[in-house]
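[1] I'd like to go over a predicted model; first the sequence, then the structure.
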Amino acid sequence: MASSGAHEASTAIKKMSNSRPTLLRLLPVAMFAVVAVFFALGLRSGDPSKLPSTLIGKAVPQTQFPPLDGLLADSKTVPGFTSADLAKGKVTVVNFWASWCGPCVEEHPLLADLKIAAGVDVFGVNYKDQAASARRFLGRFGNPFAAVGSDENGRNAIEWGVYGMPETFVINGKGEIIYKHVGPLSPEWIKGKLVPVIANAKAATSAP
């Protein structure tokens, strides 16, 4: 009887051990499913700002975006930027984009409109792209960016909590993220949401 009980216990332990690799393999899938649910809920609500972001109200991650290789304007190298450049007392906008991103083509002309309508500098981050392709993109569609940084391996985008291309962040004068938009901008969204958000941030920045 004792031998039978020991055998059953040993069999149970082996089954538990064998199930652990399966559980470990399923964990990333489960985590992705949770994120996907939040993403779907944010899109269904019609307000991409409702997508989960733990960075709203916090300082931008400590990151450096080196200049896009070979990008010139008026025969001068277009600079990259760092997180410190976003905390100099001015409200700014950071836009993550890529030449291979279809929605980025749709959105791109609107970034110049946003720059004019809101009176802000727009900083661009070229994400997981070839420098030559990015330069051709800007040469064809124009360069609305005050600075263009490169994120070749995508690590900085992870630090910023980026879901996909394109994404747009509004940064207050203290270098804090106050708004995030996932997906391409639209004229309606710029006028109805981003411009008021930027105006309020400017007012708060200039308040004594």
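    Ah, there it is.
[2] from here on, contacts and neighbour counts on C-alpha atoms
    Will do.
[3] Just want the phi and psi numbers for E167.
    phi -140, psi 150 (degrees, to the nearest 10).
[4] Tell me how many other residues crowd it.
    Per other Cα atoms under 10 Å, the neighbour tally for E167 reads 21.
[5] And the nearest residue to it once chain neighbours are set aside, how far from K202?
    Distance criterion Cα to Cα, 6 or more residues apart in numbering; nearest residue to E167, sequence neighbours excluded, is V182 at 4.7 Å. Distance of V182 to K202, given as Cα to Cα, to the nearest Å: 22 Å.
[6] Run through the strands of this structure in chain order.
    64-65, 72-73, 76-77, 81-82, 92-97, 121-127, 147-151, 167-171, 177-182 (DSSP state E).
[7] Adding mean pLDDT as columns, could you present these in JSON lines?
    Shown next, in JSON lines, are these (pLDDT from 0 to 100):
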{"stretch": "strand 64-65", "mean pLDDT": "98"}
{"stretch": "strand 72-73", "mean pLDDT": "96"}
{"stretch": "strand 76-77", "mean pLDDT": "96"}
{"stretch": "strand 81-82", "mean pLDDT": "98"}
{"stretch": "strand 92-97", "mean pLDDT": "98"}
{"stretch": "strand 121-127", "mean pLDDT": "98"}
{"stretch": "strand 147-151", "mean pLDDT": "98"}
{"stretch": "strand 167-171", "mean pLDDT": "97"}
{"stretch": "strand 177-182", "mean pLDDT": "96"}
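[8] Need those strands in TSV (columns: distance to R136).
    Converted to TSV, the strands of the chain look like this (distance: least, Cα to Cα, whole Å):
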stretch	distance to R136
strand 64-65	19
strand 72-73	12
strand 76-77	15
strand 81-82	21
strand 92-97	14
strand 121-127	12
strand 147-151	14
strand 167-171	21
strand 177-182	24
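[9] can you pull out the helices in this protein?
    2-44, 102-118, 131-141, 155-159, 187-189, 195-206 (DSSP state H).
[10] which ones are touching the most centrally placed residue in the chain?
    Nearest to the mean C-alpha position of the chain, by Cα atoms, centre = their mean, lies V162 at 3.0 Å. By Cα atoms under 8 Å, 6 or more residues apart in numbering, no residues touch V162.
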